[in-house]
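Peer 1: Sequence isn't available, so here's the structure alone:
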Ligand code: NAD
Ligand code: IPM
Ligand code: MN
């Protein structure tokens, strides 16, 4: 038996998680594995009603489960950042899910890339640090001090921090910070995964040619860990990486990214596969509670219309079952998704004519047919 906390969240999160749960239940059913689900009311509706984001009770509920199956958050009625930081980022950091794993492989014929390119990339995104640490604010009226010699003065001036800006003299900032320990554990995981999967190298992405302090340390650690693990590291600047992912994704296997660049590159990774509608994501604490979700957000532009592609959520469920120790059930889910794609039983974003529910039902039927 597996115990899973389910948080559908906002917008299409609700629609795609409903289908993901159906597929998980069908796949576990074929193997006589019981899934015990505990539903959570996380997201904008509750926030607007009660002001609550991710509460201590929510965290306790997640802790008594083995994994969290999450939809998406984000709502145009709520200012950007409140739900995202207050729920999603808080969940990732509270459970120290320092690995964000986002696979990207060619789903023929849905990849928009020319030719029959085959690629099979695992993006690993450091998931707790970098520009996501919340080290930001507004320096009130300090343009005099900062204009002269920013770096030196920042150490001397009396910093008056605020959360809002009112004057042209203000500076807003967000600091990208990583701990050496944080990079070390992330690099260890990257090289260990490369070894486990038989991949010949790890590609580490950064912007060490400009952010020399932050990504200088990143490179030092990756070079050291590469030697320790006996697996080569290849460095790519993030701008060149964005280009290379479109031009020659087959060159890459394990791609290790700092948090912010990983966020951006994995939307490219999604698009070259076949779109955000098929991209899954695991927020992993190798020794704790992990959380599985689609890469996409709440998609307010199509929410409530039955247009959302449930495959990303379904494949996130597959990643969850793999991680819970039943990769055989994961394989069954992936097989059914592949078959549905092959038979064009897909939603409009992939050129199909099915609704979210019909696409989910088609995959459930395929899972059952494999018995
Ligand atoms: P988004 O990922 O929600 O949507 C981007 C585009 O892709 C939209 O046009 C959308 O219709 C389309 N799309 C996304 N998923 C799809 C699916 N399953 N099927 C078909 N089409 C799909 O990104 P956004 O519009 O920038 O953000 C909307 C909200 O979601 C924001 O509040 C954002 O902060 C939040 N967000 C949350 C998460 C998350 O919960 N993990 C991830 C990304 C964005
Ligand atoms: C993602 C999302 C989140 C992120 C946002 C909603 C906080 O874009 O999961 O990719 O930036 O990590
Ligand atoms: Mn993102």
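Peer 2: Sure thing, it's come through. Because the structure is a prediction, the values reported are computed rather than measured. Ligands and ions are numbered 1, 2, ... in the order given.
Peer 1: burial of residue 140, as a residue count?
Peer 2: 16 (other CB atoms under 10 Å). Quick note: C-beta positions are derived from backbone N, CA and C, even for glycine.
Peer 1: in stretch 298-317, what's buried?
Peer 2: Residues 298-299, 302-303, 306-317 are the ones in stretch 298-317 that count as buried (16 or more other CB atoms under 10 Å).
Peer 1: now, among those, which is nearest to ligand 2?
Peer 2: For ligand 2, the nearest member of the buried residues of stretch 298-317 is residue 298. The distance, counting by CB to the nearest ligand atom, is 8.9 Å.
Peer 1: Can you check what pLDDT the model gives residue 108?
Peer 2: With respect to pLDDT, residue 108 scores 89.
Peer 1: SS state for it?
Peer 2: Here residue 108 is recorded as coil under DSSP: H, G, I helix; E, B strand; the rest coil.
Peer 1: ok, and the closest non-adjacent residue to it?
Peer 2: Setting aside the residues directly before and after it, residue 108 is nearest to residue 116 in space (CB to CB, 6 or more residues apart in numbering), at 6.7 Å.
Peer 1: the strands in the stretch 51-200 of the chain, which residues?
Peer 2: 67-72, 99-105, 120-126, 136-139, 161-162, 171-174 (DSSP state E, counting those that start in this stretch).
Peer 1: correct me, but residue 34 touches residue 25?
Peer 2: No. Using CB atoms under 8 Å, residue 34 is not in contact with residue 25; the gap is 9.5 Å.
Peer 1: Tell me which of the two has more neighbours.
Peer 2: Each of residue 34 and residue 25 has its neighbours counted (other CB under 10 Å); residue 25 has more, 17 against 10.
Peer 1: Surely residue 329 is in contact with residue 28?
Peer 2: Yes. With contact defined as CB under 8 Å, residue 329 reaches residue 28; the gap is 6.2 Å.
Peer 1: who touches both of these two?
Peer 2: residue 321 (CB atoms under 8 Å, 6 or more residues apart in numbering).
Peer 1: before we move on, back to that, looking at the strands of the stretch 51-200 of the chain, which one is packed in the most?
Peer 2: strand 67-72 (a mean of 26; mean count of other CB atoms under 10 Å).
Peer 1: Tell me which other helices or strands that one touches.
Peer 2: strand 2-9, helix 12-30, strand 290-294, helix 311-323 (3 or more CB pairs under 8 Å, 6 or more residues apart in numbering; DSSP states H and E).
Peer 1: Run the chain-centre distance for the second one.
Peer 2: Pointing back at helix 12-30 there. 19 Å (CA atoms, centre = their mean, to the nearest Å).
Peer 1: can you give me the angle the helix or strand following that helix makes with helix 12-30?
Peer 2: Sequence-wise, the next helix or strand downstream of helix 12-30 (DSSP states H and E) is strand 35-39. Strand 35-39 and helix 12-30 are oriented at 160 degrees to each other (axes from the mean of the first three to the mean of the last three CA atoms, to 10 degrees).
Peer 1: Tell me which strands strand 35-39 pairs with, and in which orientation.
Peer 2: Paired with strand 35-39 in the same sheet, following DSSP bridges, are strand 2-9 (parallel).
Peer 1: Count residues in the vicinity of the one residue in the stretch 51-200 of the chain that gets nearest to ligand 1, would you?
Peer 2: Closest residue of the stretch 51-200 of the chain to ligand 1, CB to the nearest ligand atom: residue 74 (2.1 Å). Residue 74 sits with 23 neighbouring residues when counted by other CB under 10 Å.
Peer 1: can you pull the contacts of it?
Peer 2: Going by CB under 8 Å, 6+ apart, residue 74 touches 10, 11, 44, 83, 84, 297, 298, 300.
Peer 1: Reduced to three states, what does the closest residue to it other than its chain neighbours come out as?
Peer 2: Closest residue in space to residue 74, ignoring its immediate chain neighbours: residue 298 at 4.1 Å, by CB to CB, 6+ apart. Assigned with three-state DSSP, residue 298 falls in the coil class.
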